[in-house]
Structures are given as structure tokens and as C-alpha cells.
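J.: Generate a structure from the sequence data that follows.
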Amino acid sequence: MNNTVLVLNQDYTPLTVCTVQRAFLLMFLKKADLISEIKEKKLRSVTSTFPFPSVIKVKYYISLPYKGVVMSRHNIFKRDQGKCQYCGTSNDLTIDHVIPRSKGGKSTWTNLVTACKKCNSKKSDYSLDKVGMKLRKTPIKPSYITFLRNNTSVYRDDWAQFLNPKKFSA
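T.: You can find the predicted model right below:
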């Protein structure tokens, strides 16, 4: 049971991803409802068979003051898909300030990128224009839903309507 389950709030907004065991426990304790199941699989006990959850919805609204993505080294690597934002390599990675700290650059989502040590050394304490380098893509602060969608190792088609709401709206 190494699959993951998308957990929705009572209003169908994504909350998190959990294990099948946790999802089954929430359903068994009547704290969540099954929204979508994987038809090809079943959960079995000695005497019973249960649906294999793919998407569940909690029965009571969970109020989260702010569900943002924590800015950390690990999450910047995830956002940049483990590639240098200057040359595209996946080797010997570190974090670079696009606008150097010595020039007033802050440690923010939009100023930090993944860079290999070679490109980071080449750029050094200069602006991109001065050393003739370009970013492959502009760094952004990811929303929680975008981050969940892009960094969940398992992504199933039945999750799309909850993680890509604009794509499926009428």
C-alpha cells in the first residue's frame, strides 16, 4: 500500500496528499468520504473488501490561516526541478541569489534559484547582464496547489479537476 491519496477540504480545495493507510483510517472513522477510487485495486481484510481510495474529502471544514509553501533550500530545488537555472545541469547544485546580497538582493522566492557551482562561480557577485548570463525561467513564488501538483511523485487523472481548477471550469 505505497500509493498516495489526495485529501480535499469540505469545499473540495486540496489540503494535502496522504498514504492509503491514513485515508482508509479517516474513512473508517467516518471523518472523510470517498470521492474517487482505483477500480483495479481493493483493500482487503480477513472478512471484508474495501475500495482503494484515490481522492477523499474530509467531512468537516479545516480552517487553515494560510497554506503557503515554506521557502527552504529543499523547496527551491524542487521548484527548479533539480536543474541549474543557467545551464540546465543536474550536477553539483547550490543556491544562487539572482541579485547578489551585496547589491541589495534579498533571500526571497523570486531572487533565489538553483545553480551549479560552475555557473554560481562564473556569476559571482555580479548582475546577470554584466557576465552575459540568462535565466532559463523566471523564479516565482509557487502557490500551494501548484507546488502540490508539480511535486507530488504520483499524479493521477482523477486528481486533475481538483489540482487544475481553471482547466476544467466551464
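
J.: Next secondary structure element downstream of the lengthiest strand in the chain?
T.: Using DSSP state E, we find that the single longest strand of the chain is strand 32-44. Later in the chain than strand 32-44, the nearest helix or strand by DSSP states H and E is strand 49-58.

J.: how far out from the middle of the chain is that following strand?
T.: Mean-position distance between strand 49-58 and its chain equals 22 Å (C-alpha atoms, centre = their mean, to the nearest Å).

J.: same deal with stretch 16-31?
T.: Worked out by C-alpha atoms, centre = their mean, stretch 16-31 lies 20 Å from the chain centre.

J.: same check, this time on stretch 108-121
T.: On C-alpha atoms, centre = their mean, the centre of stretch 108-121 falls 20 Å from that of its chain.

J.: And for it, what's in contact with it?
T.: Defining contact as C-beta atoms under 8 Å, 6 or more residues apart in numbering, one finds that stretch 108-121 is touched by 71, 76-77, 79-80, 82-87, 89, 91-99, 105, 123, 133, 135, 138-142. Every C-beta, even on glycine, is put in place using the N, C-alpha and C of the backbone.

J.: about what we covered before: just want the angle from the longest strand of the chain to strand 49-58.
T.: 160 degrees (axes from the mean of the first three to the mean of the last three C-alpha atoms, to 10 degrees).

J.: pLDDT value on the residue located most distally from the centre of the chain, please?
T.: Most distant from the centre of the chain: residue 47, at 37.7 Å, with distances by C-alpha atoms, centre = their mean. Note for residue 47: predicted pLDDT of 94.

J.: ok, now which ones touch residue 103?
T.: 125, 127.

J.: Quickly note the distance from it to residue 125.
T.: In this view, residue 103 and residue 125 are 8 Å apart by C-beta to C-beta, to the nearest Å.

J.: what do you get for residue 107?
T.: Distance, residue 107 to residue 125, using C-beta to C-beta: 15 Å.

J.: how about low-confidence regions in the chain?
T.: Counting by pLDDT under 70, the ranges of the chain that qualify are 1-2, 66-67, 149-155, 165-170.

J.: got the residue ranges for the helices in the chain?
T.: Counting by DSSP state H, the chain has helices at residues 20-28, 73-79, 117-123, 128-131, 144-151, 160-163, 165-168.

J.: which one of those lies closest to residue 43?
T.: Across the helices of the chain, residue 43 has its closest neighbour in helix 20-28 (6.0 Å, C-beta to C-beta).

J.: What are the neighbouring residues in contact with residue 79?
T.: 109, 139-140, 142, 147, 150.

J.: make it 10 Å
T.: 69, 71, 85, 109, 112-114, 137, 139-142, 146-147, 150-151 (C-beta atoms under 10 Å, 6 or more residues apart in numbering).
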